[in-house]
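K.L.:
3D, please:
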Amino acid sequence: MIPVDRLSFEPVVRQALAEDVGSGDLTTALTVDPDVRARAEIISRQALVLSGLGPARLTFELVDPSVRFDALVPEGARAVSGQVLVEIQGAAASILTAERVALNYMMRLSGVATLTARFVEAVRGTRARIVDTRKTTPGLRALEKAAVRAGGGANHRFGLYDGVLIKDNHIAAAGSITAAVSRAKGRAPHTLKIEVEVEDLGGLEEAIQAGADIVLLDNMTPGQLAEAVRLARGRVVLEASGGVNLETVAEVAASGVDVISIGALTHSAPAVDLSLRFL
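P.N.:
Numbering: from 1, shown residues only. Okay, here's the model as predicted:
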């Protein structure tokens, strides 16, 4: 449902296995005959939105290509507590060795998807879209942004290379909002949109007059956001950001902004509770 190119995450899965397994799984090697076959299930211990099947499947494949990994719930689907998410068959030793790394990916990424879904539900009925930020776990950005999509959110720029967002320090270095936006528009291709961050309504008007396409309204109150929407009159896309949480997001969305970016989707999502059990 939410495809992610394997090439984008295989190196981090290999690194995770090297970190956990190292030169070998001592406990399993000492206690489990390599010829023993087993069946296992990954089970949800809470309601969640599932994500992380790709790296979990690859974890088992890298440990032992003969292990069978059958997802019973698709990426991005909701699951209830006690539901079987995945069935696994193969050498018991291989399943044991891959277990923790695979579960870590599913728990972490399903946590991101589940939290994102809560934010999306909180703004249902408004025009606002919930999007992520670059506040991701180093090395896991592609997977965490895929998890945001699995939860019904959308992605902001992936990195510094695929979008222009002029922030306060860029403005300070350039001299003003007008100077920064004008310089960016003069050098960027005509197909590239220019976004600028502002901290007050005066900055909003300056950014609009300078030709910005998107304005990020940083740490404004819902009242200030509503006034920004009124002043902008649809001339630019308005993005609210800064300190938004589940208690405040509905009020922020009600202001009429187009986008709400939330770093907590990826930097503060709690891992979900999953377990793997042998049958």
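K.L.:
what's the next secondary structure element after the worst-scoring helix or strand of the chain on mean pLDDT?
P.N.:
Across the helices and strands of the chain, mean confidence by mean pLDDT, DSSP states H and E is lowest for helix 6-21: a mean of 93. Later in the chain than helix 6-21, the nearest helix or strand by DSSP states H and E is helix 26-31.
K.L.:
output the contacting helices and strands for that following helix.
P.N.:
Identification of packing neighbours for helix 26-31 by 3 or more C-beta pairs under 8 Å, 6 or more residues apart in numbering; DSSP states H and E yields helix 92-122. Just so you know, the C-beta spots here come from the backbone N, C-alpha and C atoms, and that holds for glycine as well.
K.L.:
pLDDT (mean, whole number) over the helix it packs on?
P.N.:
Confidence for helix 92-122, expressed as mean pLDDT, is 98.
K.L.:
what helices or strands is the first helix or strand past it going along the chain leaning on?
P.N.:
Note on helix 92-122: by DSSP H and E, the next helix or strand toward the C-terminus is strand 129-131. With contacts defined as 3+ C-beta pairs under 8 Å, 6+ apart, the secondary structure elements packing on strand 129-131 are helix 92-122, strand 259-261.
K.L.:
between the ones you listed, which gets nearest to residue 279?
P.N.:
helix 92-122 (11.1 Å; C-beta to C-beta).
K.L.:
next one: that closest one to chain centre, how far?
P.N.:
Averaged C-alpha coordinates place helix 92-122 at 12 Å from its chain's average position (C-alpha atoms, centre = their mean, to the nearest Å).
K.L.:
could you give the number of residues near residue 256?
P.N.:
Here the count is done by other C-beta atoms under 10 Å, and residue 256 has 18 residues near it.
K.L.:
look at it and report its pLDDT.
P.N.:
Reported pLDDT at residue 256 in the predicted model: 98.
K.L.:
what sits against the closest residue to it other than its chain neighbours?
P.N.:
The spatial neighbour of residue 256 that comes closest, neighbours along the chain excluded (C-beta to C-beta, 6 or more residues apart in numbering), is residue 229 at 3.9 Å. Going by C-beta atoms under 8 Å, 6 or more residues apart in numbering, residue 229 touches 238, 255, 256, 257.
K.L.:
ok, residue 232 next?
P.N.:
For residue 232, the contacting residues are 204, 208, 215, 238, by C-beta under 8 Å, 6+ apart.
K.L.:
biggest separation within those, which pair?
P.N.:
Comparing all pairs in these by C-beta to C-beta, the longest separation belongs to 208 and 238, at 10.2 Å.
K.L.:
one step back: buried residues, the least confident helix or strand of the chain. List them.
P.N.:
9, 12, 13, 16, 17, 21 (16 or more other C-beta atoms under 10 Å).
K.L.:
again, but for stretch 80-99
P.N.:
Under 16+ other C-beta under 10 Å, the buried positions of stretch 80-99 are 83, 85-86, 88, 90-99.
K.L.:
what do you get for stretch 180-198?
P.N.:
If you call a residue buried by 16+ other C-beta under 10 Å, then stretch 180-198 has these buried ones: 180, 181, 184, 185, 194, 195, 196, 197, 198.
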